[in-house]
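Enquirer: No letters, just coordinates:
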Ligand SMILES: Nc1ncnc2c1ncn2[C@@H]1O[C@H](COP(=O)(O)OS(=O)(=O)O)[C@@H](OP(=O)(O)O)[C@H]1O
């Protein structure tokens, strides 16, 4: 909890006026928040280490869910260790830029001890080259576009730095045109799919994880080369269920600063949609 308090306390020093919705700017043809675009050189030049694990997805595809699964696997099902800090503190978000003095994602990764588990929403072509040079493992999660865009729409209303989502019809059109943050859903999921056999990549589907979590978590264990007893696997399945994570303040973003995530509008984990079963 201490780490979360530190993260939140940074925001008390943020000058007024920094907490506002930020327009997007193209970075190599991909729309990103201007603050991310301004910091782009640092992201591009990021130096990965061979034992870094990258967890990547288009926004709202189940990144947080995968982060929790990976953390519990890495900690052999130890709940106390997995609850040492909230998601956003446990896993630095590579391209994230929050108002100063909050450290950027690149700076947070640099401070994290190895082996590092790093989050990104960058499309394949924007992932820093060093990840591939170092032959890092990557877990990619894809979710169907309908649920992704609905989830994104609600999230954009809550997250105070993202552009105003506006009316649903326009938001949906922007999604289909690849004009939302992190670009085209289609190019995102296809970009990683096309490269999945040329890199150490595990390509996962949100819907498969819902359908059969035991089977899918086993895949992640194999990929991470961790063998766990059946009862530990069962424990991980239980603690990474939607219900358990929604009730876990270290996994449900309820500790995220109110100034950034307006929780009076909704919750990070909304509900399990019908398509997701
Ligand atoms: N355990 C579990 N089971 C099923 N679904 C889960 C789980 N954990 C997170 N979620 C849902 O994933 C959505 C958030 O996706 P991300 O974590 O990728 O969001 S983010 O882009 O990193 O902000 C968001 O989807 P919606 O509820 O549809 O908005 C979360 O509820």
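Expert: Received, thanks. Not measured: the values here are computed from a predicted model.
Enquirer: quick one: contacts for the nearest residue to residue 24 once chain neighbours are set aside?
Expert: Excluding its sequence neighbours, the residue lying closest to residue 24 (CB to CB, 6 or more residues apart in numbering) is residue 31, at 4.0 Å. Quick note: C-beta positions are derived from backbone N, CA and C, even for glycine. Residue 31 makes contact with 24, 25, 178, 179, 180, 181, 182, 183, according to CB atoms under 8 Å, 6 or more residues apart in numbering.
Enquirer: right, and residue 141 touches residue 204 too?
Expert: Yes - between residue 141 and residue 204 there is a contact at 4.9 Å, judged by CB atoms under 8 Å.
Enquirer: ok, so of the contacts of residue 31, who is nearest residue 59?
Expert: Checking the contacts of residue 31 against residue 59 by CB to CB gives residue 182 as the nearest, at 5.9 Å.
Enquirer: That closest one - nearest residue in space that isn't next to it in sequence?
Expert: residue 121 (4.7 Å).
Enquirer: Sketch out the low-pLDDT regions of the chain for me.
Expert: Applying pLDDT under 70 to the chain flags residues 1, 3, 15-16, 272-277.
Enquirer: and it, which of its residues are near the ligand?
Expert: Contact residues (CB under 6 Å from any ligand atom) of the chain with the ligand: 57, 59-65, 147, 151, 154-155, 240-242, 245, 269-273.
Enquirer: and with 5 Å instead?
Expert: Taking CB under 5 Å from any ligand atom as the measure of proximity, the chain contacts the ligand at 59, 60, 61, 62, 63, 64, 65, 151, 242, 245, 269, 270.
Enquirer: which neighbours do residue 141 and residue 204 share?
Expert: residue 66.
Enquirer: that older thread, give the bridge partners for the residue nearest to residue 24, please.
Expert: Beta bridges link residue 31 to residue 26, judged by DSSP bridges.
Enquirer: any idea how far it lies from residue 42?
Expert: From residue 31 over to residue 42 the distance is 19 Å, taken as CB to CB, to the nearest Å.
Enquirer: How about residue 136?
Expert: For residue 136, the distance to residue 42 equals 18 Å [CB to CB].
Enquirer: out of the two, which sits in the more crowded spot?
Expert: For residue 136 versus residue 42, the count of surrounding residues by other CB atoms under 10 Å is larger for residue 136: 21 against 16.
Enquirer: Could you find the closest non-adjacent residue to that one?
Expert: Excluding the flanking residues, the one nearest residue 136 by CB to CB, 6+ apart is residue 52, at 4.8 Å.
Enquirer: now stretch 114-129: how far from the chain's centre is it?
Expert: 10 Å (CA atoms, centre = their mean, to the nearest Å).
Enquirer: ok, now stretch 112-124?
Expert: Centroid separation for stretch 112-124 versus its chain: 9 Å, with CA atoms, centre = their mean.
Enquirer: And the contacts of it?
Expert: Contacts for stretch 112-124 (CB under 8 Å, 6+ apart): 30, 43, 49, 51-59, 63, 67, 70-71, 74, 90-95, 109, 127, 181-184, 187-188, 191-192, 194-195.
Enquirer: switch to 7 Å and redo it
Expert: Residues from elsewhere that reach stretch 112-124, judged by CB atoms under 7 Å, 6 or more residues apart in numbering: 30, 49, 51-59, 63, 67, 70, 91-95, 109, 127, 182-183, 187-188, 191-192, 195.
Enquirer: Then stretch 196-212?
Expert: With CB under 7 Å, 6+ apart as the test, stretch 196-212 has contacts from 61-62, 65, 132, 135-144, 192-193, 195, 216, 219-220, 223, 276-277.
Enquirer: Tell me which helix or strand residue 265 sits in.
Expert: Using DSSP states H and E, residue 265 falls within no helix or strand.
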